[in-house]
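quick check, what structure comes out for this input:
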Amino acid sequence: MASRPLTQPEIARRLGVSVATISRVVNDQPGVSNQLRQQVLQVLQELRYTPNANARSLATDQTSTVGFVVAMPEQTGVDDPFYSKIMAGVEAQLASRDYQVLLTTIEAQPASWGDTLPIVAKGRVDGLIIAGPPTPRQLILNLIAAGTPIVLVDNCLPQQDVNCILSDNEGGLYEATRHMVQHGHRHIAFLCGPTQWVSNHEREVGYRRAMAEAGLQARVLYAKETTIASGQKMLDEGLTRWPELTAICAANDPVAIGAIRAAQQRGRRVPRDLAVIGYDDIAWAALNSPPLTTVHVYKRRMGQLAALQLLELLEAPETVPARSIVATDLVIRESCGCQGALPLNENKEV
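Numbers count the residues shown, from 1 in each chain. Sure thing, here's the model as predicted:
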């Protein structure tokens, strides 16, 4: 018959310390000397002590649950689990600390939210990881003002310091544009989305930097959404304004796919007549016809970093907000027109 696990008071009596000391060590909290901490940890390891999540919640007034909030974007025209891959990274990182993840979604329209979120108002979570640039800024500011620990993913605020995780938007689009320039293109347009989204703004900066370095004229078109339909519309407008275009860089993959469709409808062959590069490397990118060259975003890694930032914030609320940038890779397929295009990259980490 298996022996009953020891409780914190029993372990405290064995060590001759207070229950509060055991609790601080188990929860990785300050207030214990390094020497005593190591002694306690050694004994806990020898006794194979595992903290009870319910007991810890009652003792610390914590739920051991983190809310993963997704601001639902517009329908892009493709079904891709972009944010679920970020959430998978969050879950993997938090599991080692016995935290659970509670998923909730909000619409980007102001009518769909109030001053806060129900899961926060009801005290169901210790903190939030909020993914997606459509998240209303006022909601984020309200949460910060209320003292809610939050980390933003694929988003940040232009004026307010806040913990956030971003892909290297500027660098990724810079490399994509430079790739077009290096392959002889001189008439390159950028199909952008809402400029209030930090991702679109930074990608436009990367595009303009590469064009300026090459001494080329920047051509930018804007849309209120980043969908296949908006990609088709912007490409039609672009070819009408600049019929000499030979290359397109898009704000994301749905926009790029839409541009390819519009070009084909106009009788322009991709990549022979028009080279196209997207951004994000969604699942549909490799399946498109032709397969889409795109900037790969390490979504799981972004989720892992967001979880680590939130854990640090929960343990040390005074921590200075940090902005973390995750590197990107240019994945070469057929749509950019490179000779000897690489095969589908099945092993790329998501």
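
gap between Met19 and Pro9?
Wrong residue type there; residue 19 is Val, not Met. 5 Å (C-beta to C-beta, to the nearest Å). The way it works is simple: take the backbone N, C-alpha and C, and place the C-beta from them, glycine included.

go on, Arg323?
Arg323 is 43 Å from Pro9, by C-beta to C-beta.

okay, Val19 and Pro9: which has more neighbours?
Set Val19 next to Pro9 and count neighbours by other C-beta atoms under 10 Å: Val19 wins out with 15 against 11.

just the pLDDT for the residue nearest to the more buried one when sequence neighbours are not counted.
The shortest distance from Val19 to any residue other than its chain neighbours is 4.7 Å, reached at Ala12 (C-beta to C-beta, 6 or more residues apart in numbering). pLDDT recorded at Ala12 is 77.

show me what contacts Ala12?
The contact partners of Ala12, taken as C-beta atoms under 8 Å, 6 or more residues apart in numbering, are Ser18, Val19, Thr21, Ile22.

of those, closest to Ala247?
Checking the contacts of Ala12 against Ala247 with C-beta to C-beta, the nearest one is Ile22 at 63.2 Å.

that closest one: what secondary structure?
Following DSSP: H, G, I helix; E, B strand; the rest coil, we place Ile22 in the helix state.

same check, this time on Pro194
Secondary structure, three-state DSSP: Pro194 is coil.

pick the one among the contacts of Ala12 closest to Gln42.
Distances from Gln42 to the contacts of Ala12, taken by C-beta to C-beta, are shortest for Ile22, at 13.0 Å.

contacting residues around that closest one?
Gln8, Ile11, Ala12, Leu15, Val40.

now, the residues you listed that are in helices?
Gln8, Ile11, Ala12, Leu15, Val40 (DSSP state H).

list just the nearest of those to Gly132.
Gln8 (40.0 Å).

in which helix or strand does Asn200 reside?
helix 198-213 (DSSP states H and E).

for the record, mean pLDDT for the following helix or strand past that helix?
The helix or strand immediately downstream of helix 198-213 is strand 219-221, counting by DSSP H and E. The pLDDT scores in strand 219-221 average 98.

what are the pairing partners of strand 219-221, and which direction each?
strand 188-191 (parallel) (DSSP bridges).

now, among the contacts of Ile22, which is nearest to Val270?
Val40 (63.6 Å).

neighbours of the closest one, how many?
Counted with other C-beta under 10 Å, Val40 comes out at 21.

show the pLDDT at it.
At Val40, pLDDT is 77.

can you pull the contacts of the nearest residue to it once chain neighbours are set aside?
The spatial neighbour of Val40 that comes closest, neighbours along the chain excluded (C-beta to C-beta, 6+ apart), is Val25 at 4.5 Å. The contact partners of Val25, by C-beta under 8 Å, 6+ apart, come to Val32, Arg37, Val40, Leu41, Leu44.

tell me the SS of Val25?
Going by three-state DSSP: Val25 is helix.

hey, what's the residue lying closest to Arg219 once chain neighbours are set aside bridged with?
Counting by C-beta to C-beta, 6+ apart, Arg219 lies nearest to Ala189, which is 4.1 Å off, once chain neighbours are set aside. Note on Ala189: beta-bridge partners Arg219, Ile248, judged by DSSP bridges.

hmm, Ala189 is touching Leu245, no?
Yes. Here Ala189 lies in contact with Leu245, judged by C-beta atoms under 8 Å, at a distance of 5.5 Å.

more neighbours: those two, which one.
Ala189 (27 against 20).

any chance you could map the strands in the chain?
Taking DSSP state E, the strands of the chain run over residues 65-72, 100-107, 127-131, 150-153, 164-167, 188-191, 219-221, 247-250, 275-280, 293-297, 323-326, 328-331.

check which helices and strands the last one is in contact with.
Going back to what we said before, that points to strand 328-331. helix 169-182, strand 293-297 (3 or more C-beta pairs under 8 Å, 6 or more residues apart in numbering; DSSP states H and E).

out of the ones you listed, which is closest to Thr105?
When the helices and strands packed on strand 328-331 are ranked by proximity to Thr105 (C-beta to C-beta), strand 293-297 comes first, at 20.4 Å.

Ala218: what's it in contact with?
Contacts of Ala218 (C-beta under 8 Å, 6+ apart): Phe190, Tyr207, Arg208, Met211, Ala212.

now Gln159. Its backbone dihedrals?
phi -110, psi -40 (degrees, to the nearest 10).

give me the neighbour count for it.
7.

same question for Leu15.
15.

excluding chain neighbours, what is closest to it?
In space, Leu15 is closest to Val43, 5.9 Å off (C-beta to C-beta, 6+ apart).

tell me the contacts of the one you found?
Ile11, Arg14, Leu15.

which one of those residues is nearest Lys85?
For the contacts of Val43, the nearest to Lys85 is Ile11 (40.0 Å; C-beta to C-beta).

from Leu191, how far off is Ala247?
In terms of C-beta to C-beta, Ala247 sits 11 Å off from Leu191.

meant to ask about Pro291
Pro291 is 19 Å from Leu191, by C-beta to C-beta.

likewise Gln265?
For Gln265 relative to Leu191 (C-beta to C-beta), the value is 16 Å.

okay, those two: which has more neighbours?
Taking other C-beta under 10 Å, Gln265 and Leu191 do not tie; Leu191 has more neighbours (29 against 11).

how does the protein divide into domains?
8-60, 65-167+299-329, 169-296 (automatic domain parsing).
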